[in-house]
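Participant: The sequence and its predicted three-dimensional model are supplied below.
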Amino acid sequence: MEEVLRKCSSLKGVKQIHGHMCKRGLDTDRLVLGKLLVHCAIVMSDSLHYALRLFHQFPNPDTFMHNTLIRALSLSQTPLLSLHPFIQLRRQPTLSPDSFSFAFALKAVANSRHLTPGIQLHSLAVCHGFDVHIFVGTTLISMYAECGDSSSARRVFDQMSEPNVVAWNAVVTAAFRCGDVVAARDLFRRMPLRNLTSWNSMLSGFAKAGDLGFARRLFSEMPLRDEVSWSTMIVGFAHNGSFHEAFRFFRTLLCEGVQPNEVGLTGVLSACAQAGAFEFAKILHGFVEKAGFLYVGSVNNSLIDTYSKCGNVAMARLVFQNMPVARSIVSWTSIIAGLAMHGCGEEAIQLFRDMEESGVRPDGITFISLLYACSHSGLVEDGCVFFSKMKSMYGIEPTIEHYGCMVDLYGRAARLQKAYEFICEMPVSPNAIIWRTLLGACSIHGNIEMAELVKARLAEMDPDNSGDHVLLSNVYAIAGKWKDVATIRRMMNEHSMKKTPGWSMIEIDKVIYAFVAGEKPNKVTEEAHEKLREIMLRLRAEAGYAPQLRSVLHDIEEEEKEDSVSKHSEKLAAAFGIAKLPKGRVIKIVKNLRVCGDCHTVMKLISKVYQVEIILRDRSRFHSFKDGFCSCRDYW
């Protein structure tokens, strides 16, 4: 029986086994049915509904069966439903919950982050005498931490008579989860016994807190490391923007003969995606194939995301089409998001329809990507249809992110009044991001009246946000209202508001070069400036280029150096690429902020005069410049 179940991977197979059991009279055998229940509820990912039917049809299910369902539901999308079989178990006159019942139910509360039922379960655990059980006590610590109650988590730990290393690890993790780094460090110092999990918990905590210096020190002090240790450091560096360090750690991991796990691979692929390191991503892809990781769904999804963000949506399509494992909702959403970034709205919509036909049900994140695709391709009517379909057909309640996509959809299409009315009619209270999206659209289209109205709303919600002041000053600059621009600039100086510096990165021979606005000169930047001067002279002579001086103020929040559009970081990166890359190679640039109008024009002219293709990723989307034209059709 166990061997047959182990080989079964489909619901159809489970039903056949169940039918065979019924014929042989084994459907009333608690042991046999218990194993089938575990397989449906825990082992297989899509058979929980069948496990529930099995459970309800079995006369007098025992504690083990109740626990199986509690555990399965705790790991589902609706974890609090696991409290139903727990309550049912307590109502049985001949049964009572055991330590596993409490631990699984507490895990469900932790996953749902609802503190009230957690407190009730804690009280019940005390009544049943399980509060002193090390397994239950450890789960209580984790539950309180996930619900943000650090004092209760610590109290449970302090009441343990002899906490083991698992309990110590749980309370350290709880301290990190609640943002108390000092307490975590103190607890780690006091631990009577540390295992590998203890060290990895500290690494993870400090990496997530952004203290990579201390994490690196811990890593060097570790008596033993495993693939989790390496992966934690790689992911930590990637998430904190230290791409070079993420790449270096991955190379060192391979040199030391450690086999990376899927977390480490997805972490370093994430670093490639953020840095636009296409060449390094291709090397990783080769490693993934040789090491057999193509049969891991999450790695395929990371490859799709990485290629999309590295500017090669064709490769992302190939990975998606050739996946040797079943495409999950994440796979479909990743490729739709990739197409959206590249302005391929119609293709993204077609893929969404293909996904529907394949039987994969879209979720809220899929619709965010789909609405994003419509927004960046000017497909306003399609976006409205999908926004309506999301709720009417799939029962997905729109979140603030979906409303933000709709505001962006109307705003980019210059339907600013419609966007304003949409915000005012939202059933949920608009946050600062919603209003800021509309303010950005006002900045793009130069609508002073609407911009002032929206800025007044933002002033009530987030008065010290420098970006809002700059966006309004952009509108005034476009209209030539220099006195208003000066007033805003003066106010920003008085309140010490700092603008976000612009940076751009380019990969040359597998090395990432970064150009930051206003940075001190060095050998690389001097070479870039020299080449850029040559380029600008040629553009003026051969293409009639004239700087868009309004862009200096139109985009001042996106560059630390405000005195000249010629010093924008993406221009320097493009110039460095022309100087260093062989003729015929595509120049790929990643920028952290929205590309300004002047830089957009310059990239088009460079692509025509120098006969080169430039792919530039800004914070909104991809721009592919070729033969004097951009893939965005000047709609971004």
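Facilitator: In hand now; what should we look at? Numbers count the residues shown, from 1 in each chain.

Participant: Do a quick rundown of the strands in the stretch 1-150 of the chain.
Facilitator: Assigned strands in the stretch 1-150 of the chain: none (criterion: DSSP state E, counting those that start in this stretch).

Participant: I meant the chain, not that one.
Facilitator: 503-508, 511-516, 587-591, 614-617, 622-626, 629-630 (DSSP state E).

Participant: so what does the fourth one touch, helix or strand wise?
Facilitator: Read that as strand 614-617. helix 569-580, strand 587-591, helix 597-609, strand 622-626 (3 or more Cβ pairs under 8 Å, 6 or more residues apart in numbering; DSSP states H and E). (Each C-beta comes from the backbone N, C-alpha and C, glycine too.)

Participant: Now do the third one, average pLDDT.
Facilitator: The average pLDDT for helix 597-609 rounds to 93.

Participant: quick one: that helix to chain centroid distance?
Facilitator: Offset of helix 597-609 from its chain centre (Cα atoms, centre = their mean, to the nearest Å): 32 Å.

Participant: what's in contact with it?
Facilitator: Residues outside helix 597-609 that contact it (Cβ atoms under 8 Å, 6 or more residues apart in numbering) are 535, 538-539, 542-543, 545, 547-548, 550-551, 554-555, 565, 568, 570-571, 574, 578, 595, 612-614, 616, 623, 625-630, 634, 636.

Participant: what about burial for these, which qualify?
Facilitator: Burial by neighbour count, judged by 16 or more other Cβ atoms under 10 Å, picks out 535, 539, 543, 545, 548, 550-551, 554-555, 565, 568, 570-571, 574, 578, 595, 612-614, 616, 623, 625-626, 630, 636 from those.

Participant: circling back: could I get the strands of the chain in TSV, plus columns for mean pLDDT?
Facilitator: Output for those, formatted as TSV (pLDDT from 0 to 100):
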stretch	mean pLDDT
strand 503-508	91
strand 511-516	90
strand 587-591	93
strand 614-617	94
strand 622-626	93
strand 629-630	93
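
Participant: Relative to Leu224, which of those strands is closest?
Facilitator: Closest to Leu224 of the strands of the chain is strand 511-516 (Cβ to Cβ; 31.9 Å).

Participant: Mind listing what's buried along the closest one?
Facilitator: Under 16+ other Cβ under 10 Å, the buried positions of strand 511-516 are 512-516.

Participant: a markdown table please, covering the strands of the chain and showing distance to Gly364.
Facilitator: Shown next, in a markdown table, are the strands of the chain (distance: least, Cβ to Cβ, whole Å):
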| stretch | distance to Gly364 |
| --- | --- |
| strand 503-508 | 31 |
| strand 511-516 | 34 |
| strand 587-591 | 28 |
| strand 614-617 | 25 |
| strand 622-626 | 24 |
| strand 629-630 | 31 |
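
Participant: Which one of the ones you listed lies nearest to Arg154?
Facilitator: The closest of these to Arg154 is strand 503-508. By Cβ to Cβ, the value is 41.3 Å.

Participant: Pull out the buried positions in the longest helix anywhere in the chain.
Facilitator: Ranked by residue count under DSSP state H, the longest helix found in the chain is helix 523-543. Going by neighbour count (16+ other Cβ under 10 Å), the buried part of helix 523-543 is 525, 528-529, 531-532, 535-536, 539, 543.

Participant: How about stretch 206-214?
Facilitator: Using 16+ other Cβ under 10 Å as the burial criterion, the residues of stretch 206-214 that qualify are 206-209, 211-212, 214.

Participant: List just the nearest of these to His133.
Facilitator: Of the buried residues of stretch 206-214, the one sitting nearest to His133 (Cβ to Cβ) turns out to be Lys208, at 29.6 Å.

Participant: That closest one reaches Phe176, doesn't it?
Facilitator: Yes - counting by Cβ atoms under 8 Å, Lys208 touches Phe176, with 7.0 Å between them.

Participant: To Trp199, which of the strands of the chain lies closest?
Facilitator: In terms of Cβ to Cβ, the element of the strands of the chain nearest to Trp199 is strand 511-516, at 29.9 Å.

Participant: Dump the closest one to PDB, keeping only the CA atoms.
Facilitator: Extracted C-alpha coordinates of strand 511-516, given in PDB (Å, rounded to 0.1, in the frame of the first residue of the first chain):
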ATOM      1  CA  VAL A 511      31.900  43.100 -14.900                       C
ATOM      2  CA  ILE A 512      29.200  45.500 -13.700                       C
ATOM      3  CA  TYR A 513      30.100  49.200 -14.000                       C
ATOM      4  CA  ALA A 514      27.900  51.700 -12.100                       C
ATOM      5  CA  PHE A 515      27.600  55.400 -12.800                       C
ATOM      6  CA  VAL A 516      26.100  57.600 -10.000                       C
END
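
Participant: Show me what that strand is packed against.
Facilitator: If contacts are counted by 3+ Cβ pairs under 8 Å, 6+ apart, strand 511-516 sits against strand 503-508, helix 523-543, helix 569-580.

Participant: how much space between the nearest residue to Lys626 once chain neighbours are set aside and Glu262?
Facilitator: Nearest residue to Lys626, sequence neighbours excluded (Cβ to Cβ, 6 or more residues apart in numbering): Glu613, at 4.8 Å. Distance of Glu613 to Glu262, given as Cβ to Cβ, to the nearest Å: 34 Å.

Participant: What of Thr138?
Facilitator: Applying Cβ to Cβ, the value for Thr138 to Glu262 is 26 Å.

Participant: And Met406, by the same measure?
Facilitator: Met406 sits at a distance of 35 Å from Glu262 (criterion: Cβ to Cβ).

Participant: what's the distance between stretch 385-398 and the middle of its chain?
Facilitator: Relative to the centre of its chain, stretch 385-398 is centred 23 Å away, using Cα atoms, centre = their mean.

Participant: do stretch 105-114 as well
Facilitator: Relative to its chain's centre, stretch 105-114 lies at 23 Å (Cα atoms, centre = their mean).

Participant: can you give me the mean pLDDT across it?
Facilitator: pLDDT averaged over stretch 105-114 gives 94.

Participant: List the buried residues of it.
Facilitator: When burial is assessed from 16+ other Cβ under 10 Å, stretch 105-114 yields the following buried residues: 105-112, 114.

Participant: Neighbour count for Thr138 and Glu262, which is higher?
Facilitator: The residue with more neighbours, out of Thr138 and Glu262, is Thr138; 23 against 16, by other Cβ atoms under 10 Å.

Participant: quick one: contacts for the more buried one?
Facilitator: 166-167, 170 are the contacts of Thr138 under Cβ under 8 Å, 6+ apart.

Participant: ok, it to Val132 distance?
Facilitator: 12 Å.

Participant: what's the answer for Arg90, then?
Facilitator: 20 Å.

Participant: and if you look at Lys309?
Facilitator: On the measure of Cβ to Cβ, Lys309 and Val132 end up 51 Å apart.

Participant: Compare these two (neighbour count), which wins?
Facilitator: More crowded of Lys309 and Val132, by other Cβ under 10 Å: Lys309, with 26 against 13.
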